[in-house]
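S.K.: Show me the folded form of this:
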Amino acid sequence: MSYLFFLDESGHDHKNCPYEVRGGIVLHASKLWRFVQDFATLEESCFGVRLPKFNVEVKGSFLLDRKKFRWANQGELLDDEARRKHCIGFLNKGLQHTSPSEIEFRAFGQACIVMARSIFALLRTHEARIFASVVPSTVEKPTTLEAEDFLRKDLVFLLERYFNFIAPKNETGLLIFDETDASADRNFIRQIERYFTRTQRGRFRANSIVPVPLFVESGLTRAVQAADVCIYAINWGFRLPSRGMDADVRMEIADEFGPWIVSAQADGLSTDVGGSHPWYSIVFVPEPYGGE
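M.R.: Below you'll find the predicted structure:
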């Protein structure tokens, strides 16, 4: 069997987020189908309906943007039945292009927070782990052939940690990315191929990681949607100040989801000529360009 690494990205448009984050969730293949079923059940439990019916895709920026917290806190917490009833009203009015009522806004905001919270609980139930690399959003790509042709250090470190996780288990790892721009995806595939064929460490890690990434549409892939929620929460609510990761934080996300992120990290010890070193599956890389 295999481990599946579902990846997405957050903050790469350099608009609002403090960091660029790439990563997501690692899930054993034997648990995928049940995870997908449980994810769909969560939507109905939180919103009263499956969101694709309304052309809505679960994303971190959708569930956890500031206005959802504001809506959720406009009044008392609704019980499950009332929340689902008013969420359906909210979604139907969206199709009708009419304005929802105050209680419908509140119900939908509360449903979004409950859904995000439930996704993290679902990850724990299915023994998923969160892996991510974090880069300051102020980093600029240099105009060099190396920057164009080779993987950034943050992605190399991310693959290293994925390898460290699966290799001791004698399992194979697959990389499953959210598709973006076709040209950018093709260039990324070339970078991946160069890493796994032209570097010593890449060739070694190809013994465990299949060096051919797969691309899927996030709107049709619930595990990628879960990955998106995780990395958005990392972008705004997870910090490593001792390592220089100290950008502005949204406390409503940090307080609610920070402990979930910490508990869902993988960790271990890696050994090289310098001895044994601890590693964690969320890595901050302030300078991502350069050699391996």
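S.K.: Check which residues of the longest helix that the chain contains are buried.
M.R.: Longest helix in the chain by number of residues (criterion: DSSP state H): helix 102-125. Neighbour counts using 16 or more other Cβ atoms under 10 Å place 103-116, 118-120, 122-123 of helix 102-125 among the buried residues. Backbone N, C-alpha and C define where each C-beta goes, glycine included.
S.K.: Same check on stretch 263-278?
M.R.: Within stretch 263-278, the residues that count as buried by 16+ other Cβ under 10 Å are 264, 266.
S.K.: Residues contacting it, please?
M.R.: Contacts of stretch 263-278 from elsewhere in the structure, counted by Cβ atoms under 8 Å, 6 or more residues apart in numbering, are 26, 120, 123-124, 128-131, 160-161, 164-165, 168, 230, 279-282.
S.K.: Show me which of those residues are buried.
M.R.: Using 16+ other Cβ under 10 Å as the burial test, the contacts of stretch 263-278 include 26, 120, 123, 128-131, 160-161, 164-165, 230, 281-282 as buried.
S.K.: Can you pick out the most distant pair from those?
M.R.: Spatial extent of the buried ones among the contacts of stretch 263-278 (Cβ to Cβ) is set by the pair 120 and 160 at 24.9 Å.
S.K.: Surely residue 110 is in contact with residue 72?
M.R.: Yes. Because the distance of 4.5 Å satisfies Cβ atoms under 8 Å, residue 110 is recorded as touching residue 72.
S.K.: can you tell me the average pLDDT over stretch 17-36?
M.R.: Averaging the model's pLDDT scores along stretch 17-36 yields 96.
S.K.: before we move on, what about stretch 117-131?
M.R.: Regarding stretch 117-131, the rounded mean pLDDT is 97.
S.K.: Over to stretch 262-276?
M.R.: Stretch 262-276 shows a mean pLDDT of 85 in the predicted model.
S.K.: likewise stretch 66-84?
M.R.: Mean pLDDT, computed over stretch 66-84, is 97.
S.K.: who touches it?
M.R.: The contact list for stretch 66-84 (Cβ under 8 Å, 6+ apart) reads 45-49, 86, 102-103, 105-114, 250, 252.
S.K.: distance between the ends of it?
M.R.: Start and end residues of stretch 66-84 are separated by 21 Å (Cα to Cα, to the nearest Å).
S.K.: now do stretch 206-218
M.R.: Start-to-end span of stretch 206-218 (Cα to Cα) is 26 Å.
S.K.: what about the stretch 51-200 of the chain, any weak spots by pLDDT?
M.R.: Low-confidence segments of the stretch 51-200 of the chain (pLDDT under 70): 145, 147.
S.K.: Now do the strands in the stretch 101-250 of the chain.
M.R.: In the stretch 101-250 of the chain, strands defined by DSSP state E, counting those that start in this stretch lie at 129-136, 172-178, 214-216, listed in chain order.
S.K.: The second one packs against which elements?
M.R.: Contacting strand 172-178 under the criterion 3 or more Cβ pairs under 8 Å, 6 or more residues apart in numbering; DSSP states H and E are the following elements: strand 2-10, helix 153-166, helix 182-198, strand 214-216, helix 222-237.
S.K.: quick one, the last one and strand 172-178 angle?
M.R.: For helix 222-237 and strand 172-178, the angle between their directions (axes from the mean of the first three to the mean of the last three Cα atoms, to 10 degrees) works out to 70 degrees.
S.K.: Just the buried positions in the helix or strand just after helix 222-237, please.
M.R.: Moving toward the C-terminus from helix 222-237, the next helix or strand (DSSP states H and E) is helix 251-264. Using 16+ other Cβ under 10 Å as the test for burial, helix 251-264 gives 252, 253, 254, 256, 257, 258, 260, 261, 264.
S.K.: Same question for stretch 192-201.
M.R.: Within stretch 192-201, the residues scored as buried using 16+ other Cβ under 10 Å are 192, 195, 196, 199.
S.K.: So which residues make contact with it?
M.R.: Residues outside stretch 192-201 that contact it (Cβ under 8 Å, 6+ apart): 149-151, 156, 159-160, 175, 202-203, 205-206, 209, 211-213, 292.
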